[in-house]
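>>> here's a sequence, model it:
(one chain, ligands or ions: 1)
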Amino acid sequence: MSLTVVGSIAFDAVKTPFGERERMLGGAAVHFSLAASFFTEVRPVGPVGDDFGAAEFEVLESRGILTDDIERVEGGRSFFWRGRYGYDLSVAHTEDTQLGVFAEFEPKLSEGSKAADTLFLANIQPDLQRQVRSQCAARLSGLDSMNLWIETAKDSLRAAIAEVDCLLVNDAEIRQLTGESNLARAARAVMELGPCAVVAKQGEYGAALFTENGFFALPGFPLEDVRDPTGAGDSFAGGFFGYLDGHGGGLDEAHLRRAMGDGLRHRARLLQRRGVRDRARLPAQPRGDRRALRGAAADDAVRRAAHGIAPQPLNGRRRRTERMSAA
Ligand code: AMP
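You can find the predicted model right below:
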C-alpha cells in the first residue's frame, strides 16, 4: 500500500509562551508524512526553494519517506509560516504566510505518486488540491484545510471537498465552512457535498468522527509536556490515514474507529518531541506500549462508556452509493 500527500512543505517561525524558534522545518505535508511513515510508504508532493537543502531531505528520508516528488526550484523560496500561540496551545495565531514557490506550482505527479492507493490533500490552496486529485487514481482520499482558504477560496474548497471520501478539519472550521454552529448538522452538511466521513479535530480534547451510520469520539491523551503544538493536527491526520492505508484502505466503521485511536496515539507521541528533526528520530513504538494504549483507547465498549453514548444512526441520510445511483 502507498500514500501520496500534497500540502505545504515549509519553514516555520513559532513563538509560544515557553520560547521562540525562528526557522524550523515544517509544513502540513511534512508533519503528515512523518506520522504516516510509521504505517506505510509515503510520497509527499510539492515544491521547495533552494533554501531547502540536503539536511531537510535527510530528515524525511531518515523515516523512509520517498522524496522524488518534492521539486526543488532553483532561485525560489520555500513556503514560510510565522505563528504564535498563547497559553491555549490549541489556537494558532498566524502572523505571516508566504507561499513562495507554491504560488507558481503546477503539480505533475510521478507514476509512483499517481498510482498510490491513498491520497491525502493536506492544507494548501484548494485549486492545487484539486489538480493533484485529478491526477491520482487513489481508492481512498482525504482532505484538510484551514480558515484562510475558507475565507479566500470557499467555492474552490467546496469543489475540492466534493471529490474526496473523508474531510478531516478542526471543528471550528467545519462550522465556518458550512455556516452551521451545531457540529452534527455541520458534519451532515459536509457529507451532502460528497464525503462519506467527516473527522472533526478537537485539539487537546481529541477528535470526533461522523459517518453515514453514526457518531464516535475519542479523547486526546493528556500530555503534561507539550512545548510546541505545531503540526499536531497534521500528525493526527498522518496517523489516521497512515493506519487506513497500511490496513487495506477500507472505510468501514471499525477501520475508521481504529484509525482514530492510532491517529491520536501518534499525535501524542510526536507532540512529546519538539520540532520535526527530533520527531523524526522517534523509534517505532515498543509492543508493550502499543498494547497498553490500544487497551485504553481502542476498545469500543470503553470508548462508548467513557462518552456515555451508543452509536447513533444519522436519521434520514442515504448511503453515498445510493445517492450516487439516484443522481
Ligand atoms: P497544524 O497541524 O495545524 O499545527 O499545522 C501546522 C503547519 O501548517 C505548519 O508547519 C505550517 O507550515 C502549515 N501552515 C500554516 N499555514 C498554512 C497555509 N495557509 N497553508 C498551508 N500550510 C500552512
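>>> sec struct for Gly238, please.
Under DSSP: H, G, I helix; E, B strand; the rest coil, the three-state class of Gly238 is helix.
>>> what's the closest non-adjacent residue to it?
Ala35 (2.9 Å; C-beta to C-beta, 6 or more residues apart in numbering). For every residue, glycine as well, the C-beta is placed using N, CA and C.
>>> dump the residue contacts of that neighbour.
234-239, 242, 263, 266-267, 270 (C-beta atoms under 8 Å, 6 or more residues apart in numbering).
>>> export the residues you listed to CSV and tack on neighbour count, distance to the ligand and pLDDT?
As requested, the contacts of Ala35 are arranged in CSV below (neighbours: other C-beta atoms under 10 Å; distance: C-beta to the nearest ligand atom, whole Å; pLDDT from 0 to 100):
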residue, neighbour count, distance to the ligand, pLDDT
Asp234, 31, 4, 96
Ser235, 25, 7, 96
Phe236, 31, 8, 96
Ala237, 33, 8, 97
Gly238, 33, 10, 97
Gly239, 28, 12, 96
Gly242, 30, 15, 97
Gly263, 28, 12, 95
His266, 25, 13, 89
Arg267, 29, 9, 93
Leu270, 24, 10, 90
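>>> the residue nearest to Gly238 is in what secondary structure piece?
Assigned by DSSP states H and E, Ala35 falls within helix 28-36.
>>> that helix: how far from the chain's middle?
Centroid separation for helix 28-36 versus its chain: 8 Å, with C-alpha atoms, centre = their mean, to the nearest Å.
>>> what's the closest of the contacts of Ala35 to Gly249?
Closest to Gly249 out of those is Gly242 (11.2 Å), distances taken as C-beta to C-beta.
>>> helix, strand or coil for the closest one?
Gly242 falls in the helix class when you classify it by three-state DSSP.
>>> contacting residues around stretch 152-172?
121, 125-127, 129-130, 133, 140-147, 149-150, 174, 177, 183, 190, 193-203, 208, 233, 236-237, 240, 251.
>>> make it 7 Å
121, 125-127, 129-130, 133, 140-145, 149-150, 183, 190, 193-202, 233, 237, 240, 251 (C-beta atoms under 7 Å, 6 or more residues apart in numbering).
>>> strands - which of the residues you listed land there?
Those of the contacts of stretch 152-172 mapping onto strands are 121, 140-143, 197-201, per DSSP state E.
>>> the ligand: which of those is nearest?
Lowest distance from the ligand to the ones in strands among the contacts of stretch 152-172 (C-beta to the nearest ligand atom) belongs to Lys201, with 8.2 Å.
>>> wait, the closest one sits on Asp234?
No. Lys201 sits out of contact with Asp234 when judged by C-beta atoms under 7 Å, with a separation of 9.8 Å.
>>> before we move on, back to that, among the contacts of stretch 152-172, name the buried ones.
Neighbour-count burial (16 or more other C-beta atoms under 10 Å) is assigned, among these, to 121, 125-126, 129-130, 133, 140-145, 149-150, 183, 190, 193-202, 233, 237, 240, 251.
>>> what about stretch 42-58, average pLDDT?
The average pLDDT within stretch 42-58 is 97.
>>> now the end-to-end length of that stretch.
Stretch 42-58 has an end-to-end distance of 15 Å (C-alpha to C-alpha, to the nearest Å).
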